[in-house]
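**Student:** what's the 3D shape of this:
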Amino acid sequence: MRSLFGIDTSLSILESSKRIDPSRSPFIKARIDVSHKGVSLSDMKQQIKGLEIQDSTFKITYVKNEDLEVNETARFEERRKIEREIGLLVQGQVDLLNPEIIFGIMKVRDGWVFGRYIKSESVWLKHQKKPQNYSTALSTRVARAVVNIATPHPEGIKMIDPCCGAGTVLIEALSMGMDIVGSDLNPLVTTSARKNIAHFGFECEVALCDLRDVTGRYDVVIIDMPYNLCSVLTQEEQLDMLQSARKLAKKMVVITIENIDSLIEQADFIIIDRGVAKKSTFSRQVIVCQ
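**Tutor:** Take a look at the predicted model:
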């Protein structure tokens, strides 16, 4: 079982029409939209020479490639030297403090890449300060990761979180413009969820409803299995929840602190991937099923 946080995705390097908003991921720090590739730095310089930037200030930043060995990574002085040399080749107005455009230059295994450098905004951190919080709720970072795992390509996808609690998963999905609704059987937490969602300026249907009574069809269902001293579920109750989820969608992402593999199979789901989110000595399994 791999760690949910054990994958280094600190930088996304994209070409052509592929564009991922780096703020979607709690792991990606930045994105380079590759416009130039070169087998050597001198080759890259030849390509960039004469590049003209109109109506916008810019700066060049050397992006360290953490995947390369330490001895392959340029030292500070060398990085600044490369930034200056590339910057002198670009025609336009340089602004080192508040540039309107940042270009990244980066060494990769088969040469060099250059392109627009887009920094990630840690949106999920802003969602930590909710009016209503519960100690057992997912962290905003884990919730954001779970939503992206559930729906990597959200266009046209309808999601539901039928055990939404205080709405942590709902808020992360809504902040990324995703189509999601929520429900819960506890009137106290549905009220809290609505307050939290409205606090961040979002709108979302949050129904007071038992999972077994939820109707409709969705593309993905996300379930954070209830737990704590007041939410001890028998295996029969857990199976009932999973079978009810199966009626709602063909794909499910379930978060659990227990081993429920056999129950997932009994609910007619197949486990296709899994990971673990750890916090100190406490861990949750994140299981992708279809």
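**Student:** Was I right to think residue 276 contacts residue 282?
**Tutor:** No. Assessed by C-beta atoms under 8 Å, residue 276 is found out of contact with residue 282, at 10.6 Å. Using the backbone N, CA and C atoms, a C-beta is placed for each residue, glycine as well.
**Student:** Tell me which of the two has more neighbours.
**Tutor:** For residue 276 versus residue 282, the count of surrounding residues by other C-beta atoms under 10 Å is larger for residue 276: 15 against 8.
**Student:** Just to be sure, that one is in a strand?
**Tutor:** Yes. Assessed by DSSP: H, G, I helix; E, B strand; the rest coil, residue 276 belongs to a strand.
**Student:** Now do it against residue 256, distance only.
**Tutor:** From residue 276 across to residue 256, the span is 11 Å (C-beta to C-beta, to the nearest Å).
**Student:** what are the ranges of the helices in the stretch 101-250 of the chain?
**Tutor:** For the stretch 101-250 of the chain, helices defined by DSSP state H, counting those that start in this stretch occupy the ranges 123-126, 140-150, 168-175, 187-199, 235-248.
**Student:** so residue 35 is in which element?
**Tutor:** strand 30-38 (DSSP states H and E).
**Student:** That strand: partners in the sheet, and parallel or antiparallel?
**Tutor:** Using DSSP bridges, strand 30-38 pairs in its sheet with strand 11-14 (parallel), strand 111-119 (antiparallel).
**Student:** Which residues are in contact with residue 252?
**Tutor:** Residue 252 is in contact with 220-223, 242, 245-246, 269, 288-290, counting by C-beta atoms under 8 Å, 6 or more residues apart in numbering.
**Student:** got it, and residue 102?
**Tutor:** Counting by C-beta under 8 Å, 6+ apart, residue 102 touches 58-61, 116-119.
**Student:** and what of residue 109?
**Tutor:** For residue 109, the contact set (C-beta under 8 Å, 6+ apart) comprises 67-68.
**Student:** now swap in residue 237 and tell me
**Tutor:** For residue 237, the contact set (C-beta under 8 Å, 6+ apart) is empty.
**Student:** Tally up the residues packed near residue 23, please.
**Tutor:** Around residue 23 there are 18 other residues, counting by other C-beta under 10 Å.
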